[in-house]
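> My questions are about this predicted structure, shown below with the sequence.
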Amino acid sequence: MDESQVNAQIDQMIKFIQQEASEKAQEIKLKADEEYNIEKLYMVEEEKQKIRQEYERKEKQVEVQKRIAQSNEIRYSRLKTLKARDDAMQEVKKQALAKLPSLASGAGYAALLENLILEALTTLAETKVTVRGVAQQGGVVQKALTPAVAKYKDWAGKNRDAAFVADIVVSFDPTPLAEGIGGVEVTGFGGKINLSNTLQSRLDLAYQTRLPALRALLFT
């Protein structure tokens, strides 16, 4: 084989190697492009998933905040309604309290005071008792005390024994109550128990016991 034929063979071998190398490079490039596209799609999908999750989280957060705001608004509205109702109830009590002085100075006060004393005595059910009234009512209290004690002894005769009735001593305490419009305070059991039966205490009691009826009357 002469030199020209050798060179031709070499050239052919070089072309073959170059062709093989080109095809291999193309194959590698195609595979790399495919892997790149797959990785890019994976990364894009992963980011989309993160965005969706973040959106859902924020959407839930907004919904929670919305519910909290609605709950607070309802709560505030209820408190406002309750406050308005309580103000109305207190106004009724205030109006009733304003009428107590006229009750304490009216013609029927002596009989009312007698009943208040008798009620306190029978509730306490004690033999040694002191009674005191509000300021400037000592005379009317002492006057009401006599028939009230007589009725108390009559009650004791029906509900207690003769020894109890014989031991009954009801004394008037001239020391006026610190505050009050009318009524009395009865003390027994050696000063350990004080029973307030003033007009204010009766108003408070009536207010508490009549709350449901007052609410129904005012708000339905």
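All right, it came through fine.
> pLDDT (mean, whole number) over the top helix by length along the chain?
For the chain, the longest helix by residue count, based on DSSP state H, is helix 3-104. Confidence for helix 3-104, expressed as mean pLDDT, is 84.
> quick one, phi psi at A206?
The phi/psi pair for A206 (degrees, to the nearest 10) reads phi -60, psi -40.
> Domain map for the chain?
1-104, 108-212 (automatic domain parsing).
> quick check, distance from the first one to the centre of its chain.
The one in question is domain 1-104. Mean-position distance between domain 1-104 and its chain equals 40 Å (CA atoms, centre = their mean, to the nearest Å).
> now swap in the last one and tell me
The chain centroid and the centroid of domain 108-212 are separated by 37 Å, computed with CA atoms, centre = their mean.
> quick one: average confidence on it?
Domain 108-212 comes out at a mean pLDDT of 92.
> before we move on, back to that, show me what the longest helix of the chain packs onto, helices and strands only.
Packing partners of helix 3-104 (3 or more CB pairs under 8 Å, 6 or more residues apart in numbering; DSSP states H and E): helix 199-209, helix 211-219. In short, each C-beta sits where N, CA and C put it, glycine included.
> a markdown table for the domains of the chain, including mean neighbour count?
As requested, the domains of the chain are exported to a markdown table (neighbours: other CB atoms under 10 Å):
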| stretch | mean neighbour count |
| --- | --- |
| domain 1-104 | 10 |
| domain 108-212 | 16 |
